[in-house]
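Q: pasted the sequence and its predicted model underneath.
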Amino acid sequence: KSGLPSVAVKDMVIQERETDLVLATFGRGFYILDDYAPLRLLSNDLLDSSAYIFPVKDALMYTMTRGRYGQGSTPYYGKNPDFGAVFTYYVKEAPKTLKQLRKEKEKDLVKDKEPIPTPTMDELRAEENEIKPYLIFTITDEDGNIVRNIHKKYSEGLQRMTWNLRYPAGANVRLQNDKYNPLANDRDGMAVMPAKYYVSLSEWVGGEVHELVPAVEFNTVVLNNVTLPAPDRTELLAFQKKTAKLTRAIYAAQRMTSDLMKRTQYVKQAINNTADAPPALLAKAMEIEHRLDEIRWAFYGQSPRASREENRPAPPALNDRLGALVYSHWNSTSRVSETQHQMYDILAEEFPPVLEQLKNISEVDLKALEAELDAIGAPWTPGRIPEWEDE
(Lines give C-alpha, C1' and ligand atoms only; values in the text may rest on other atoms or scores of the structure.)
Protein backbone atom coordinates (compact mmCIF):
# COMPACT_ATOMS: atom_id res chain seq x y z
CA LYS A 1 0.00 0.00 0.00
CA SER A 2 1.07 3.63 0.58
CA GLY A 3 1.12 4.30 -3.15
CA LEU A 4 2.31 0.89 -4.34
CA PRO A 5 -0.05 -0.25 -7.14
CA SER A 6 -1.24 -3.78 -7.80
CA VAL A 7 1.76 -4.78 -9.90
CA ALA A 8 4.24 -7.63 -9.83
CA VAL A 9 7.34 -6.85 -7.75
CA LYS A 10 10.29 -8.66 -9.34
CA ASP A 11 13.12 -7.57 -7.03
CA MET A 12 13.47 -6.50 -3.37
CA VAL A 13 16.83 -5.14 -2.22
CA ILE A 14 17.92 -3.72 1.14
CA GLN A 15 20.10 -0.61 1.03
CA GLU A 16 22.03 -1.42 4.17
CA ARG A 17 23.65 1.98 4.85
CA GLU A 18 20.33 3.85 4.86
CA THR A 19 18.20 0.87 5.97
CA ASP A 20 15.92 1.40 2.98
CA LEU A 21 13.85 -1.25 1.26
CA VAL A 22 13.94 -0.86 -2.55
CA LEU A 23 11.34 -2.53 -4.77
CA ALA A 24 11.56 -2.98 -8.56
CA THR A 25 8.26 -3.70 -10.31
CA PHE A 26 7.44 -5.50 -13.54
CA GLY A 27 6.25 -2.13 -14.88
CA ARG A 28 9.79 -0.70 -14.68
CA GLY A 29 9.00 1.29 -11.56
CA PHE A 30 11.01 1.73 -8.36
CA TYR A 31 9.57 2.22 -4.90
CA ILE A 32 11.58 2.97 -1.77
CA LEU A 33 10.57 2.54 1.85
CA ASP A 34 12.82 5.02 3.63
CA ASP A 35 14.47 3.75 6.83
CA TYR A 36 12.41 0.78 7.92
CA ALA A 37 14.67 0.31 11.01
CA PRO A 38 11.86 1.26 13.46
CA LEU A 39 9.94 -1.86 12.36
CA ARG A 40 12.72 -3.98 13.86
CA LEU A 41 11.98 -2.54 17.30
CA LEU A 42 8.22 -3.16 17.33
CA SER A 43 7.06 -5.34 20.18
CA ASN A 44 3.90 -5.96 22.19
CA ASP A 45 5.30 -3.97 25.10
CA LEU A 46 6.00 -1.00 22.83
CA LEU A 47 2.51 -1.16 21.28
CA ASP A 48 0.98 -1.23 24.74
CA SER A 49 2.78 1.97 25.78
CA SER A 50 0.99 5.31 25.41
CA ALA A 51 3.66 6.81 23.11
CA TYR A 52 7.20 6.19 21.92
CA ILE A 53 9.88 7.95 19.82
CA PHE A 54 12.17 5.59 17.93
CA PRO A 55 15.95 6.21 17.80
CA VAL A 56 16.69 9.14 15.47
CA LYS A 57 19.30 8.81 12.72
CA ASP A 58 21.94 11.53 12.22
CA ALA A 59 20.37 14.39 10.28
CA LEU A 60 22.49 15.48 7.32
CA MET A 61 22.85 19.25 6.84
CA TYR A 62 23.27 20.59 3.31
CA THR A 63 21.92 23.29 1.02
CA MET A 64 19.20 22.07 -1.29
CA THR A 65 19.11 23.18 -4.93
CA ARG A 66 16.06 24.80 -6.49
CA GLY A 67 15.75 22.17 -9.22
CA ARG A 68 16.84 22.12 -12.85
CA TYR A 69 15.90 24.45 -15.68
CA GLY A 70 15.21 23.49 -19.28
CA GLN A 71 13.82 19.98 -18.83
CA GLY A 72 11.24 20.36 -21.58
CA SER A 73 7.47 20.24 -21.28
CA THR A 74 7.26 16.82 -19.60
CA PRO A 75 10.02 16.66 -16.98
CA TYR A 76 10.09 13.80 -14.51
CA TYR A 77 10.39 14.66 -10.84
CA GLY A 78 11.10 11.94 -8.31
CA LYS A 79 10.25 12.97 -4.77
CA ASN A 80 13.32 13.03 -2.55
CA PRO A 81 13.15 12.12 1.14
CA ASP A 82 12.21 15.06 3.32
CA PHE A 83 15.17 17.19 4.35
CA GLY A 84 16.12 17.32 8.01
CA ALA A 85 15.80 15.23 11.13
CA VAL A 86 13.22 12.46 10.73
CA PHE A 87 11.24 11.50 13.83
CA THR A 88 9.39 8.18 13.75
CA TYR A 89 6.94 7.90 16.63
CA TYR A 90 4.07 5.82 17.92
CA VAL A 91 0.90 6.97 19.68
CA LYS A 92 -1.50 4.38 21.02
CA GLU A 93 -4.67 6.41 21.46
CA ALA A 94 -5.79 9.97 20.88
CA PRO A 95 -7.83 11.80 23.55
CA LYS A 96 -11.47 12.25 22.69
CA THR A 97 -13.11 15.62 22.17
CA LEU A 98 -16.23 16.77 24.01
CA LYS A 99 -18.35 16.03 20.94
CA GLN A 100 -16.91 12.52 20.58
CA LEU A 101 -17.58 11.79 24.25
CA ARG A 102 -21.18 13.00 23.90
CA LYS A 103 -21.72 10.89 20.77
CA GLU A 104 -20.37 7.78 22.50
CA LYS A 105 -22.65 8.36 25.47
CA GLU A 106 -25.65 8.84 23.16
CA LYS A 107 -24.72 5.65 21.29
CA ASP A 108 -24.77 3.69 24.54
CA LEU A 109 -28.13 5.21 25.46
CA VAL A 110 -29.58 4.18 22.10
CA LYS A 111 -28.24 0.67 22.61
CA ASP A 112 -29.86 0.49 26.05
CA LYS A 113 -33.07 2.07 24.68
CA GLU A 114 -32.76 4.99 27.05
CA PRO A 115 -33.88 8.56 26.28
CA ILE A 116 -31.19 10.84 24.88
CA PRO A 117 -30.99 14.19 26.69
CA THR A 118 -30.86 17.36 24.59
CA PRO A 119 -27.49 19.11 24.94
CA THR A 120 -27.66 22.50 26.58
CA MET A 121 -26.64 25.62 24.71
CA ASP A 122 -23.55 25.96 26.90
CA GLU A 123 -22.53 22.37 26.11
CA LEU A 124 -22.93 22.92 22.37
CA ARG A 125 -20.94 26.17 22.56
CA ALA A 126 -18.19 24.39 24.50
CA GLU A 127 -18.04 21.71 21.78
CA GLU A 128 -17.91 24.33 19.02
CA ASN A 129 -15.18 26.38 20.69
CA GLU A 130 -13.09 23.44 21.89
CA ILE A 131 -9.55 23.22 20.53
CA LYS A 132 -8.88 19.63 19.56
CA PRO A 133 -5.97 17.87 21.28
CA TYR A 134 -2.68 18.00 19.40
CA LEU A 135 0.91 16.80 19.72
CA ILE A 136 3.91 19.01 20.49
CA PHE A 137 7.43 18.07 19.41
CA THR A 138 9.96 20.12 21.38
CA ILE A 139 13.52 20.34 20.07
CA THR A 140 16.16 21.51 22.54
CA ASP A 141 19.93 21.95 22.37
CA GLU A 142 22.54 20.49 24.71
CA ASP A 143 22.03 23.32 27.19
CA GLY A 144 18.29 22.73 27.41
CA ASN A 145 17.34 25.82 25.38
CA ILE A 146 14.21 25.34 23.29
CA VAL A 147 15.12 25.56 19.61
CA ARG A 148 11.68 24.97 18.15
CA ASN A 149 8.19 23.67 18.96
CA ILE A 150 6.33 21.83 16.20
CA HIS A 151 2.61 21.12 16.57
CA LYS A 152 1.06 18.14 14.81
CA LYS A 153 -2.40 16.67 14.49
CA TYR A 154 -3.09 13.91 17.00
CA SER A 155 -2.87 10.71 14.92
CA GLU A 156 -2.85 7.21 16.32
CA GLY A 157 -0.45 4.46 15.30
CA LEU A 158 3.00 4.57 13.73
CA GLN A 159 3.74 8.02 12.28
CA ARG A 160 6.67 10.01 10.91
CA MET A 161 7.45 13.74 10.75
CA THR A 162 10.48 15.86 9.81
CA TRP A 163 12.11 18.94 11.32
CA ASN A 164 13.95 20.95 8.65
CA LEU A 165 16.79 21.99 11.00
CA ARG A 166 15.77 25.65 11.17
CA TYR A 167 14.79 28.07 13.91
CA PRO A 168 11.34 29.71 13.67
CA ALA A 169 11.30 32.98 11.74
CA GLY A 170 9.54 35.12 14.33
CA ALA A 171 9.13 38.04 11.90
CA ASN A 172 5.34 38.24 11.98
CA VAL A 173 2.24 36.15 12.52
CA ARG A 174 -0.28 35.10 9.88
CA LEU A 175 -3.82 33.91 10.56
CA GLN A 176 -5.72 31.41 8.46
CA ASN A 177 -9.18 32.78 7.71
CA ASP A 178 -8.66 35.28 10.56
CA LYS A 179 -8.76 32.47 13.12
CA TYR A 180 -6.30 30.92 15.54
CA ASN A 181 -4.95 27.56 14.37
CA PRO A 182 -2.69 25.67 16.81
CA LEU A 183 -1.39 23.48 13.97
CA ALA A 184 -0.14 26.44 11.93
CA ASN A 185 3.57 26.26 12.76
CA ASP A 186 5.98 29.18 12.55
CA ARG A 187 7.69 29.99 9.28
CA ASP A 188 11.34 29.08 8.95
CA GLY A 189 14.28 31.15 10.16
CA MET A 190 18.02 30.54 9.93
CA ALA A 191 19.58 27.06 10.00
CA VAL A 192 20.76 25.62 13.30
CA MET A 193 24.33 24.65 14.15
CA PRO A 194 25.67 21.13 13.61
CA ALA A 195 25.46 19.73 17.13
CA LYS A 196 23.65 17.37 19.47
CA TYR A 197 19.93 17.98 19.96
CA TYR A 198 17.01 16.38 21.76
CA VAL A 199 13.38 15.86 20.84
CA SER A 200 10.55 15.16 23.28
CA LEU A 201 6.86 14.54 22.68
CA SER A 202 3.99 16.12 24.63
CA GLU A 203 0.25 16.47 24.19
CA TRP A 204 -2.01 19.51 24.54
CA VAL A 205 -5.39 18.52 25.95
CA GLY A 206 -7.96 20.93 27.34
CA GLY A 207 -5.47 23.71 27.95
CA GLU A 208 -2.91 21.52 29.71
CA VAL A 209 0.36 20.08 28.39
CA HIS A 210 1.48 16.60 29.42
CA GLU A 211 4.76 14.97 28.45
CA LEU A 212 4.32 11.64 26.66
CA VAL A 213 7.93 10.78 25.75
CA PRO A 214 11.04 12.24 27.42
CA ALA A 215 13.85 13.72 25.33
CA VAL A 216 15.54 11.48 22.76
CA GLU A 217 19.05 12.40 21.59
CA PHE A 218 20.12 12.89 17.96
CA ASN A 219 22.85 14.68 16.00
CA THR A 220 22.93 17.08 13.07
CA VAL A 221 25.94 16.47 10.84
CA VAL A 222 27.23 18.64 7.99
CA LEU A 223 27.49 16.80 4.69
CA ASN A 224 31.10 17.16 3.61
CA ASN A 225 30.47 18.89 0.28
CA VAL A 226 30.72 22.60 1.20
CA THR A 227 32.77 24.61 -1.30
CA LEU A 228 33.43 27.68 0.88
CA PRO A 229 32.73 26.65 4.47
CA ALA A 230 32.64 29.27 7.20
CA PRO A 231 35.77 28.93 9.37
CA ASP A 232 33.62 29.62 12.43
CA ARG A 233 29.96 28.57 12.18
CA THR A 234 29.29 29.97 15.65
CA GLU A 235 30.24 33.44 14.40
CA LEU A 236 28.06 32.92 11.31
CA LEU A 237 25.05 31.91 13.43
CA ALA A 238 25.55 34.88 15.77
CA PHE A 239 25.46 37.27 12.80
CA GLN A 240 22.38 35.55 11.39
CA LYS A 241 20.60 35.79 14.75
CA LYS A 242 21.18 39.52 15.12
CA THR A 243 20.14 39.99 11.48
CA ALA A 244 16.93 38.06 12.22
CA LYS A 245 16.27 40.32 15.22
CA LEU A 246 16.67 43.41 13.03
CA THR A 247 14.50 41.84 10.33
CA ARG A 248 11.72 41.17 12.82
CA ALA A 249 11.76 44.81 13.98
CA ILE A 250 11.78 46.27 10.44
CA TYR A 251 8.99 44.02 9.16
CA ALA A 252 6.88 44.81 12.24
CA ALA A 253 7.46 48.54 11.69
CA GLN A 254 6.35 48.20 8.06
CA ARG A 255 3.12 46.49 9.09
CA MET A 256 2.56 49.11 11.76
CA THR A 257 3.04 51.89 9.21
CA SER A 258 0.36 50.37 6.98
CA ASP A 259 -2.03 49.94 9.92
CA LEU A 260 -1.52 53.53 11.07
CA MET A 261 -2.02 54.84 7.53
CA LYS A 262 -5.33 53.00 7.28
CA ARG A 263 -6.32 54.27 10.73
CA THR A 264 -5.53 57.83 9.61
CA GLN A 265 -7.79 57.44 6.57
CA TYR A 266 -10.67 56.51 8.87
CA VAL A 267 -9.92 59.57 10.99
CA LYS A 268 -10.00 61.86 7.93
CA GLN A 269 -13.31 60.37 6.83
CA ALA A 270 -14.79 60.82 10.32
CA ILE A 271 -13.73 64.47 10.35
CA ASN A 272 -15.30 64.93 6.92
CA ASN A 273 -18.57 63.42 8.16
CA THR A 274 -18.75 65.59 11.29
CA ALA A 275 -20.59 68.83 10.55
CA ASP A 276 -19.02 70.98 13.27
CA ALA A 277 -15.46 69.63 12.96
CA PRO A 278 -13.00 72.55 12.80
CA PRO A 279 -10.76 72.67 9.67
CA ALA A 280 -7.66 72.40 11.90
CA LEU A 281 -8.51 68.76 12.64
CA LEU A 282 -8.33 67.78 8.99
CA ALA A 283 -5.04 69.68 8.66
CA LYS A 284 -3.61 67.68 11.59
CA ALA A 285 -4.76 64.40 10.05
CA MET A 286 -3.21 65.29 6.69
CA GLU A 287 0.04 66.24 8.42
CA ILE A 288 0.15 62.78 10.10
CA GLU A 289 -0.65 61.18 6.76
CA HIS A 290 2.26 63.04 5.14
CA ARG A 291 4.68 61.88 7.84
CA LEU A 292 3.52 58.28 7.47
CA ASP A 293 4.00 58.55 3.73
CA GLU A 294 7.58 59.71 4.32
CA ILE A 295 8.17 56.69 6.56
CA ARG A 296 6.66 54.40 3.96
CA TRP A 297 8.97 55.96 1.36
CA ALA A 298 11.96 55.21 3.60
CA PHE A 299 10.90 51.56 3.76
CA TYR A 300 9.96 50.95 0.12
CA GLY A 301 11.45 53.81 -1.91
CA GLN A 302 10.29 54.61 -5.43
CA SER A 303 8.09 51.91 -7.00
CA PRO A 304 9.22 51.53 -10.64
CA ARG A 305 6.74 50.99 -13.42
CA ALA A 306 8.91 48.46 -15.24
CA SER A 307 12.35 48.01 -13.68
CA ARG A 308 14.50 49.63 -11.02
CA GLU A 309 16.83 50.93 -13.71
CA GLU A 310 14.15 53.54 -14.47
CA ASN A 311 14.44 55.08 -11.01
CA ARG A 312 16.30 58.32 -10.65
CA PRO A 313 19.46 58.07 -8.51
CA ALA A 314 18.49 57.66 -4.86
CA PRO A 315 19.78 55.83 -1.78
CA PRO A 316 18.51 52.25 -1.51
CA ALA A 317 15.35 51.85 0.54
CA LEU A 318 15.51 50.02 3.88
CA ASN A 319 13.57 47.12 2.42
CA ASP A 320 15.99 46.77 -0.50
CA ARG A 321 19.01 46.61 1.77
CA LEU A 322 17.29 44.19 4.13
CA GLY A 323 16.14 41.95 1.27
CA ALA A 324 19.65 41.74 -0.14
CA LEU A 325 21.10 40.94 3.28
CA VAL A 326 18.54 38.24 4.15
CA TYR A 327 18.59 36.64 0.69
CA SER A 328 22.37 36.37 0.68
CA HIS A 329 22.28 34.51 4.00
CA TRP A 330 19.24 32.28 3.67
CA ASN A 331 21.06 29.24 2.26
CA SER A 332 24.64 30.34 2.93
CA THR A 333 27.18 28.33 4.92
CA SER A 334 30.08 30.65 4.07
CA ARG A 335 31.66 33.31 6.27
CA VAL A 336 30.04 36.73 6.61
CA SER A 337 31.39 39.03 3.91
CA GLU A 338 32.49 42.63 4.44
CA THR A 339 29.59 43.81 2.25
CA GLN A 340 27.10 41.99 4.48
CA HIS A 341 28.62 43.59 7.58
CA GLN A 342 28.31 47.01 5.92
CA MET A 343 24.66 46.42 4.94
CA TYR A 344 23.83 45.50 8.51
CA ASP A 345 25.65 48.55 9.92
CA ILE A 346 23.83 50.91 7.52
CA LEU A 347 20.45 49.43 8.48
CA ALA A 348 21.30 49.62 12.18
CA GLU A 349 22.02 53.34 11.70
CA GLU A 350 19.14 54.31 9.39
CA PHE A 351 16.28 52.33 10.94
CA PRO A 352 16.17 53.69 14.55
CA PRO A 353 15.21 57.30 13.56
CA VAL A 354 12.39 55.94 11.39
CA LEU A 355 11.17 53.73 14.23
CA GLU A 356 11.25 56.68 16.63
CA GLN A 357 9.07 58.76 14.28
CA LEU A 358 6.63 55.87 14.00
CA LYS A 359 6.38 55.51 17.78
CA ASN A 360 5.73 59.24 18.19
CA ILE A 361 2.91 59.17 15.64
CA SER A 362 1.32 56.08 17.17
CA GLU A 363 1.66 56.92 20.87
CA VAL A 364 1.31 60.72 20.85
CA ASP A 365 0.02 62.50 17.75
CA LEU A 366 -2.65 60.11 16.51
CA LYS A 367 -3.98 59.45 20.02
CA ALA A 368 -4.25 63.18 20.66
CA LEU A 369 -6.15 63.68 17.41
CA GLU A 370 -8.52 60.81 18.21
CA ALA A 371 -9.15 62.35 21.63
CA GLU A 372 -10.26 65.53 19.86
CA LEU A 373 -12.64 63.45 17.75
CA ASP A 374 -14.18 62.05 20.92
CA ALA A 375 -14.59 65.58 22.27
CA ILE A 376 -16.68 66.70 19.29
CA GLY A 377 -18.68 63.45 19.04
CA ALA A 378 -17.22 62.33 15.72
CA PRO A 379 -18.18 58.89 14.33
CA TRP A 380 -16.24 55.93 15.68
CA THR A 381 -12.97 54.97 13.99
CA PRO A 382 -10.80 51.84 14.48
CA GLY A 383 -8.53 52.08 17.51
CA ARG A 384 -10.90 54.23 19.59
CA ILE A 385 -12.85 52.85 22.55
CA PRO A 386 -16.38 54.26 22.41
CA GLU A 387 -17.48 56.54 25.25
CA TRP A 388 -20.99 56.40 26.75
CA GLU A 389 -22.70 57.56 29.91
CA ASP A 390 -26.38 57.31 30.81
CA GLU A 391 -27.89 60.77 31.08
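A: Structure received.
Q: how about the spatially most central residue of the chain, nearest residue that isn't a chain neighbour?
A: Centroid check for the chain by CA atoms, centre = their mean gives Asp186 as the closest residue, at 1.8 Å. Closest residue to Asp186 apart from its sequence neighbours, by CB to CB, 6 or more residues apart in numbering: Pro168 at 3.4 Å. C-beta: built from backbone N, CA, C; applies to glycine.
Q: now the one you found: how far from Asn185?
A: Using CB to CB, to the nearest Å, we find Pro168 at a distance of 8 Å from Asn185.
Q: equivalent analysis for Val147, please.
A: Val147 is 13 Å from Asn185, by CB to CB.
Q: so between those two, which is more surrounded?
A: Neighbour totals were compared for Val147 and Asn185, and Val147 leads with 19 against 14 (other CB atoms under 10 Å).
Q: the more buried one: what's it in contact with?
A: Ile139, Thr140, Asp141, Tyr167, Val192, Tyr197 (CB atoms under 8 Å, 6 or more residues apart in numbering).
Q: name the SS class of the second one, please.
A: Under DSSP: H, G, I helix; E, B strand; the rest coil, Thr140 falls in the strand class.
Q: wait, isn't it in contact with Val192?
A: No: applying CB atoms under 8 Å as the test, Thr140 and Val192 come out as separate, 11.2 Å apart.
Q: higher neighbour count, those two?
A: Neighbour totals were compared for Thr140 and Val192, and Val192 leads with 22 against 16 (other CB under 10 Å).
Q: contacting residues for the more buried one?
A: The contact partners of Val192, by CB under 8 Å, 6+ apart, come to Val147, Leu165, Arg166, Tyr167, Thr220, Leu237.
Q: if I look at it, how far off is Val222?
A: Val192 is 11 Å from Val222, by CB to CB.
Q: any weak-confidence spans in the protein?
A: Across the chain, residues meeting the criterion (pLDDT under 70) sit at 1, 66-72, 74-77, 170-172, 302-313.
Q: let's see 80
A: Residues of the chain meeting the criterion pLDDT under 80: 1-3, 64-79, 169-177, 185-187, 225-228, 302-315, 329-332, 387-388, 391.
Q: helices of that one, residue ranges please.
A: 44-48, 98-111, 121-129, 233-272, 279-300, 318-330, 338-360, 366-375 (DSSP state H).
Q: out of the ones you listed, which is closest to Val205?
A: Nearest to Val205, of all these, is helix 98-111, at 11.4 Å by CB to CB.
Q: show me what that closest one is packed up against.
A: helix 121-129 (3 or more CB pairs under 8 Å, 6 or more residues apart in numbering; DSSP states H and E).
Q: the longest strand along the chain: partners in the sheet, and parallel or antiparallel?
A: Of all segments of type strand in the chain, defined using DSSP state E, the longest is strand 208-222. Paired with strand 208-222 in the same sheet, following DSSP bridges, are strand 59-61 (parallel), strand 196-205 (antiparallel).
Q: can I get these in JSON lines with distance to Lys105 and mean neighbour count?
A: Putting those into JSON lines (distance: least, CB to CB, whole Å; neighbours: other CB atoms under 10 Å) gives the following:
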{"stretch": "strand 59-61", "distance to Lys105": "45", "mean neighbour count": "19"}
{"stretch": "strand 196-205", "distance to Lys105": "19", "mean neighbour count": "18"}
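Q: which one of those strands lies nearest to Ala51?
A: With CB to CB, the closest approach to Ala51 among those belongs to strand 196-205: 5.8 Å.
Q: one step back: out of the contacts of Val192, which one sits closest to Val364?
A: Among these, Tyr167 lies closest to Val364 (CB to CB), at 35.4 Å.
Q: looking at it, that closest one is touching Met190, isn't it?
A: Yes: using CB under 8 Å, Tyr167 is in contact with Met190, at 5.7 Å.
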